[in-house]
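fold the following for me, if possible:
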Amino acid sequence: MIVNGKEIDFPDAISISELLRGLNLNCDKIVVEVNMEFISREQYSSVLLNQEDVVEIISFVGGG
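The predicted model follows:
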């Protein structure tokens, strides 16, 4: 699967939540897009990813 432009090898049928845990990311501060479709945070544990998916993880950064 492609995550933020880089090929990453994860087992088939991994959920978005599992992917985020594996990448040590806090799901409260990010938005996930799978194959150009935004996924709601409530669906992170139910949406399963496969090797053909393209995932973009966008993190919010505060500042001034």
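
who's in contact with N4?
55-57 (C-beta atoms under 8 Å, 6 or more residues apart in numbering). All C-beta spots, glycine's among them, are computed from the backbone N, C-alpha and C.

could I get those residues in a markdown table, plus columns for pLDDT, secondary structure and neighbour count?
Formatted as a markdown table, the contacts of N4 follow (pLDDT from 0 to 100; DSSP: H, G, I helix; E, B strand; the rest coil; neighbours: other C-beta atoms under 10 Å):
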| residue | pLDDT | secondary structure | neighbour count |
| --- | --- | --- | --- |
| V55 | 96 | strand | 18 |
| E56 | 97 | strand | 15 |
| I57 | 96 | strand | 17 |
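
for these, give me TSV that also has distance to I8.
TSV is the format used below for the contacts of N4 (distance: C-beta to C-beta, whole Å):
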residue	distance to I8
V55	9
E56	13
I57	11
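
looking at these, which is nearest L25?
Nearest to L25 out of the contacts of N4 is I57 (C-beta to C-beta; 6.6 Å).

would you map the helices across the chain?
Ranges of helices within the chain are 16-22, based on DSSP state H.

in it, which spans are strands?
Ranges of strands within the chain are 2-3, 6-7, 14-15, 30-34, 37-39, 48-49, 54-59, based on DSSP state E.

partner strands of the third one and their direction?
On the basis of DSSP bridges, the sheet neighbours of strand 14-15 come out as strand 48-49 (antiparallel).

how long is stretch 3-18 from one end to the other?
14 Å (C-alpha to C-alpha, to the nearest Å).
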